[in-house]
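Engineer: How does the following fold in three dimensions:
(chains A, B, C and D, ligands or ions: 4)
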Amino acid sequence: MSLSTTAASAIEPLRPAAGPVPVLTLSGIQKSFAGVRALVDGALELYGGEATALIGENGAGKSTLVKVLTGIHAPDHGTITLNGKPVTIGSADEAQRLGITAIHQEAVVFDDLSVAENIFVSHRPRGRFGMVDWSAMNARAAKLLAELEADFDPGQPLRSLSIAQKHLVQIARALSFDARVVIMDEPTAALSHREAEDLFRIVDRLKAEGRAILFISHKFEEIMRVADRYAVFRDGAAVGAGRIGESSTDDLIRMMVGRPVDQIFPKIETVPGDEALRVEGLSHPTEFDDVSFHVRRGEILGLYGLVGAGRSEVMKAVFGLTEPSAGRILVDGRPLSIRRPDDAIRAGIVYVPEDRQHQGAVLKQSIVENIALPSLAQLSRRGFNNRPRERDVAGALAQRLQVRMSGLDQPVEDLSGGNQQKVVIAKWLATQPRVLILDEPTKGIDVGSKAAVHRFMAELVAQGLAVVMVSSELPEVLGMADRVMVMARGRVRRTFTRAEATPEAVVRAATDA
Amino acid sequence: MNAVSNGRLGNGVKLAGDPADGGGRTGHSRFAFARRWEFILFALFVAGFGLCSWVSPYFLDVWNLSDATFNFTEKAIVALPMALLIIAREIDISIAGIMALASVAMGLAAGAGADVWLVVAVGLATGLACGIVNGTLVTVFRVPAIVATIGTMSLFRGVGYAILGDQVLKSYPAGFDAFGQGYFWGPISNEFALFLVLAALFAVVLHGTSVGRRIYAIGNNPEVARFSGVAVDRYRFVLFAVVGLAAGLASVCLTSRLGSTRPSLAVGWELEIITMVVLGGVSILGGVGTILGVVLAAFLMGLVTFGLGLVNVPGIVMQIVVGVLLVAVISIPVLLRKLGLARGGRR
Amino acid sequence: ADIRVGLVPKSLGNGFFDAAYKGAQEAAKEIGGVEVIYTGPTTTTAEGQIETINALIAQKVDAIAISANDPDALVPALKKAMQRGIKVVSWDSGVAVDGREVHLNPSSNELIGEMCVQLAADVAGSGESEVAILSATPTSTNQNIWIGEMKKVLPKFPNLKLVATVYGDDLADKSYRETQALLKQYPNLKVIIAPTSVGIVAAAKAVEDAGLSGKVLVTGLGLPSELAGHVMKGTVKSFAIWNPIDLGYAATYLAVDLVKGDKGGPDAKLPIGRLGTVSFDKEGAGAMAKPFVYDKSNVEEFAKIF
Amino acid sequence: MKTAKHMAATRPGAVRGWLASRDAALAALVVAVTVGVAVKFPAFVAPSNLVDVFDDTSILFLLALGQMLVILTGAIDLSVAANLALTGVVVALLNSAMPELGVVPVILLSVALGTALGLVNALLVWKLGLPSIVVTLGTLAVYRGVIFLITGGAWINSNQMSDAFLDFIRAPLLGLPVLSWVAILGIAAMALFLRFTATGRNIYVAGGNRSAAVYAGIDPGRMQAIAFVVSGAVAGLCGYFWVSRYAVAYVDVAQGFELQVIAACVIGGVSIAGGVGTVTGVVLGALFLGIVKNALPLIGISPFWQMAIAGLVITVAVVLNARGGRSAGRRILEEKPA
Ligand SMILES: Nc1ncnc2c1ncn2[C@@H]1O[C@H](COP(=O)(O)OP(=O)(O)OP(=O)(O)O)[C@@H](O)[C@H]1O
Ligand SMILES: Nc1ncnc2c1ncn2[C@@H]1O[C@H](COP(=O)(O)OP(=O)(O)OP(=O)(O)O)[C@@H](O)[C@H]1O
Ligand SMILES: [Mg+2]
Ligand SMILES: [Mg+2]
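Structural biologist: Numbers count the residues shown, from 1 in each chain, chains lettered A, B, ... in the order given. Ligands and ions are numbered 1, 2, ... in the order given. You can find the predicted model right below:
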């Protein structure tokens, strides 16, 4: 395998002469979508018994490569070699038969089927006369779930699970194959710390069984924890590969971005102003109980908790998406009745949801249409569209947030996950809010963009915006928040000042029963 | 290709309005496709028009063409709001039932001595009320639109039958016939003029206002629209009400044109109206479509009906033509794409 | 040149109207210089007929002879035709006075009503007998008039007791189901009168399927070709119908009479070729002949014709 | 069946779960309507009458099951009634031309022709990726038109049909007409197919989440195609049944019946969005419609009121159904101690 960039060969370490033979080799992979060149020169080697981390900015082509490997997309050019033999992977089915399985970045689940059937959807156990053997399926599913320490039943419909639990089901599905190559595209994005640890242990076991793992993540702690090798993509091309121990995080980031990036959280010290939002005794029959908090101008309130703690539900109630059974909401000290999101938006409260595909962006519409949607009332002239103004506003925000796109008219669908997230943030900033609620704002965002989002957040706060940031990422919460509120099982456990908020204390508050 | 990669390799940021990205141009592929659709319809219309004038000596006659507009105008009046409703990912198949009930209500009002405007008001109010029933079923009781309106379709017409039985209502006040039989200017009938005005109105609302933008957003993804502060249920409700109102209006025109009311009025029109909307390029999956397309489809269907009628081909053969058109028009772009550049491989 | 007559049936494909078209062609040939355009909707709707009428107006035909799906709804369209100089005749199922010059009834309504009841009385025998009527759609003009006439005549037959009137909408399945319901609801039912060609067949079928052939008798108006089998099985003993060929013949004749300058309107008398003349009443309606009764003795012969 | 028993054993809540399900609610509704009618007209619940009602609903059962497959894959087939009519007219013509042929070729031809017509939909939806509602709206018009072209609108009446052609579906077998047995077989076969075959399960998968199905190596278009072909085959078979039962074939046979078929599915709880629905539900939905249709004339409801009542009943049923379908979902809070 040869890598095209000179920078890459400089970094690539010398391999021992009698080194291991790769199980899977990709070279010269090209893939374009209607003029968008997602992969220009994709190359990769995976080794049995080792995990290779694939890193790159949002839109670098990582997920596209995964889709090529799993038969979802046919490459325009390039060769794939499996165990020394060239192969073509024509369909998802074929990939599975070749022993390649993946946990995709998008949720690939069936809400109305049972957990067990979700796991075995493409290879149900068969009994007599080729009939589906339900009891074998449930039994095997129960065993897989037990390994993942999942506390739900194989017979349960998937609909009744939380997003994190659904993700565990997808992991169980990938493990249910006796696969030689296991691909994980940002598998921990929806997982709590503890669940992520379980996953890492599983990766270790898979490695011990001699399987080849491809691990995609934007979190370097994880990469350092699980990976043996790395491969770096930039702009659709492989720009470097090697063994993990031989490069520092900074080296990797430089390869990814082409420049050094500050990973420090750009916390700007501000003097908080007046109280912007106060929530008192907010309750819901099934989701949360007696939640009270406030946030001031120029302040970031971090909201930490394990996935499923009910943080999003509280925020949805504040934003008028669900109806609370009790409690009140005050904006600028005045009680306000918020029945629908437009009430909240008018009061200056906006909510960036965590599920950008289903709640954040209209995927089929263009970037500018998405950004303009919540602020049409301000951007239009008496209800009539004002397209130039929409373009100005959207263009400025897209630039500010470094959205990587081919133009403002590109459908959001065609953007990489991280860039979609930036469009969602942009659309809410376009409304010029006073209180910004961010739910997992940097989930699935690369280091470079993450820093950009954080810096932008800090600037906005310095200008007097009040921010509530829901996050399951501890460093992000501790780095950015002025105060940290911790929720567990639908109730507020404790609120820390910045000084009190040590990692141990916060995690203890989130986990104690 | 170089421009794109260079643009990316630079600090990785693509600027809006960068000359290389075509950001200044208005369209992307979706709109280009829609434009092509309307073009296909227009070309078909011109071809059909030419063919008819060549085949039948009676075709190119102003009054004949004027008469021909009556065959589709009332359906087209309902097709306009129906297009908005379908773009918003909903559907109403009770429209013909609404028309029947509205006509019955007007007949009763007329029988009780109401004057022209009161009769019209009763017709519109009945249509609106039926639309509100549908809207309520969909937004309050959360019944999927197609399901809810399958039920109300029989309900509305059934109420008409229940009230009217085997009676006929025909004592309409003098002057009521103007709606369906009168002329606005020369050979332009009142109802055709009304349709043109409504078409312009709906085109402006859908394509020129925030309301239209929100309708498209709802159709593309109702959940995201709701999360973006669009009062989704309110929009849906109002759209159902407007469709009901338009059905009431169409019923005024049709009742006036027939001069009498029976509960069997407009049987089977729901499928014709939906066909018209879909033929006009409105995606049944929501989020895509234009008023121009619907208007062209209405003209095209009117042309086919009239042209075939002129050579005494029975209506059912025209059904075949419309059925083939429907499938052909939506497959042409797909086939072109398959034959031409094999874009994006399989997705 | 030619006189062009548009002959419009209630719907295309109905054997009855196809037979009428045969008669119309016969008249056209006999008169000479006449072209018959046979066209209409495929479902029995007024809207469909209006489209047909508009197409005929556009073609500037000389006359329209129509069997109406709705007596009132067609009036505006036919008025427009008359304004453009087209002569309008309705036949079989009429149009309101304003919408046509003359109307040709196949027979007189009184005679038909009486005939239906008479047929029922013939098969019912002497004892007390329950009778039900299976009609077409509740809005069908001629059906309702005939039912009215039947009710007028019924008191003359004290042994007949009318227990129900149901509507099969001229749909085979609905008529079938309505008959089934009748049989269950009225176990003592003796006769079903179906003055509709769709209904009588469906009723006979339902009676046979219920194993009541011969016990419950079906009669009314129907086509020999459709009923021959049921007559042979004994479900239908006798039924009546006018001759649709004659009807189409006469309607075409009338239309041509009008085009040639004869005046229609009240108290006119117009020639209808081999059938003689029709006299019209104050409303401009005239009757062709009285219905003809078919039974075992003649049905097979006529079944070959229509 | 061993597996079924095992499942019930491992899930003690299964029975209670079913009792809370929409199928159970619908079953209760069906029983309630039946009882309501019986109060007014006791003979309605006489076994012979119930057999009649079932037999009369048989065609609806079969068509609704075929339609269910299509709806499960996230598509819809509006052309079923037109397919039924075209096939029915063709086999009636065949029978009148060659009465000596017997029933077997008629059945084979009806299934073959129905399958072919279903295949047209299938290919358009699968290979060209066109929306099914549009495709079938188109083929619905075309199929009806074709009947007119081949018959010139003429009717084929019972006297033109052979006795074998007419009697087959009526022949009693263990107290039920053959037609009813076919419906029962169809119901059982569909239940087994959907529960125990890979294709049956993949039908749910394809409709449940289209893109996820692709990721799982299942071609949703192919599943839709299979569903359309099955729906077409069923419609074809029902074409024969229909013309035989009503002993007449013409252009407007079963006009508008597609909406009743869809109504049976949605009353039965099949989600129009795809991926959700049970055979039990569909059977109950069809039965519900069949009972209402048969009962209204019996209890002496004025013919003018029948349509309104049927409409009201359907509307109420779908509203109740929509309410029943709202799942409780997960809950975060532990139950509060009282
Ligand atoms: N289906 C598609 N159609 C058009 N463009 C696409 C499509 N899928 C991906 N792209 C484009 O290809 C490029 C690579 O996307 P990809 O999803 O592979 O990025 P990624 O490396 O996984 O990013 P992230 O870290 O954000 O998930 C992006 O520019 C994206 O816009
Ligand atoms: N099974 C599910 N399917 C779809 N969406 C779900 C499901 N479960 C939860 N959600 C939604 O996804 C979001 C994330 O759910 P999650 O389990 O993380 O709980 P949460 O209430 O958001 O808690 P937190 O934000 O503290 O993690 C919530 O908005 C929730 O409404
Ligand atoms: Mg990705
Ligand atoms: Mg959350």
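
Engineer: Once you drop chain neighbours, what's closest to residue B:154?
Structural biologist: Excluding its sequence neighbours, the residue lying closest to residue B:154 (CB to CB, 6 or more residues apart in numbering or on different chains) is residue D:311, at 3.1 Å. In short, each C-beta sits where N, CA and C put it, glycine included.

Engineer: Surely residue C:269 and residue C:278 touch.
Structural biologist: Yes - the criterion here is CB atoms under 8 Å, and residue C:269 meets it with residue C:278 at 7.2 Å.

Engineer: Between these two, which is the more surrounded one?
Structural biologist: residue C:278 (22 against 10; other CB atoms under 10 Å in any protein chain shown).

Engineer: Report all helices and strands that the helix or strand hosting the more buried one contacts.
Structural biologist: Residue C:278 belongs to strand C:277-279 when elements are defined using DSSP states H and E. Where contact means 3 or more CB pairs under 8 Å, 6 or more residues apart in numbering or on different chains; DSSP states H and E, strand C:277-279 is packed against strand C:269-271, strand C:285-287.

Engineer: Outside of it itself, list whatever touches it.
Structural biologist: Here strand C:277-279 makes contact (CB atoms under 8 Å, 6 or more residues apart in numbering or on different chains) with C:104, C:250, C:254, C:267, C:268, C:269, C:270, C:271, C:272, C:286, C:287, C:288.

Engineer: Could you rerun that using 7 Å?
Structural biologist: With CB atoms under 7 Å, 6 or more residues apart in numbering or on different chains as the test, strand C:277-279 has contacts from C:104, C:269, C:270, C:271, C:272, C:286, C:288.

Engineer: top of those residues by neighbour count?
Structural biologist: Scoring the contacts of strand C:277-279 on neighbours with other CB under 10 Å, the highest-scoring entry is residue C:104 at 27 neighbours.

Engineer: Look up how far residue C:257 lies from that one.
Structural biologist: Separation of residue C:104 from residue C:257 (CB to CB, to the nearest Å): 11 Å.

Engineer: And residue C:261, what's its pLDDT?
Structural biologist: We have a pLDDT of 86 for residue C:261.

Engineer: need the residues of the stretch 351-500 of chain A near ligand 1, please.
Structural biologist: Residues of the stretch 351-500 of chain A lying near ligand 1 by CB under 6 Å from any ligand atom: A:414, A:415, A:416, A:417, A:418, A:446.

Engineer: Among these, which ones lie close to ligand 3?
Structural biologist: Among those, the residues within reach of ligand 3 (CB under 5 Å from the ion) are residue A:417.

Engineer: C-alpha coordinates for stretch D:292-310, CSV please?
Structural biologist: As requested, the backbone C-alpha atoms of stretch D:292-310 are provided in CSV (Å, rounded to 0.1, in the frame of the first residue of the first chain):
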residue,chain,number,x,y,z
VAL,D,292,-71.9,-3.5,9.7
LYS,D,293,-72.6,-3.9,6.0
ASN,D,294,-74.8,-7.0,6.6
ALA,D,295,-76.5,-5.8,9.7
LEU,D,296,-77.7,-2.3,8.6
PRO,D,297,-80.2,-3.6,6.0
LEU,D,298,-81.3,-6.3,8.5
ILE,D,299,-82.1,-4.1,11.4
GLY,D,300,-84.2,-2.0,9.1
ILE,D,301,-82.1,1.1,8.9
SER,D,302,-83.5,3.3,6.2
PRO,D,303,-81.4,2.8,3.1
PHE,D,304,-80.7,6.5,3.1
TRP,D,305,-79.1,6.3,6.5
GLN,D,306,-76.9,3.3,5.8
MET,D,307,-74.0,5.2,4.3
ALA,D,308,-74.0,7.8,7.0
ILE,D,309,-74.0,5.2,9.7
ALA,D,310,-71.3,3.2,8.0
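
Engineer: Any chance you could list what contacts that stretch?
Structural biologist: B:154-155, B:157-159, B:161-162, B:165, C:138, C:166-167, C:177-178, C:181, C:184-185, D:33, D:37, D:40-41, D:44, D:53, D:56, D:313.

Engineer: how far out from the middle of the chain is that stretch?
Structural biologist: Here the centre of stretch D:292-310 is set off from its chain's centre by 22 Å, with CA atoms, centre = their mean, to the nearest Å.

Engineer: about what we covered before: just give the number of residues close to the residue nearest to residue B:154.
Structural biologist: Residue D:311 has 22 neighbours, counted by other CB under 10 Å.

Engineer: where's it relative to residue D:273, distance?
Structural biologist: Residue D:311 is 24 Å from residue D:273, by CB to CB.

Engineer: what's the closest non-adjacent residue to residue B:323?
Structural biologist: Nearest residue to residue B:323, sequence neighbours excluded (CB to CB, 6+ apart): residue D:141, at 3.2 Å.

Engineer: and the helix or strand harbouring the one you found, how far out from the chain's middle?
Structural biologist: Using DSSP H and E, residue D:141 sits in helix D:132-151. Averaging C-alpha positions (CA atoms, centre = their mean) puts helix D:132-151 20 Å from its chain's average.
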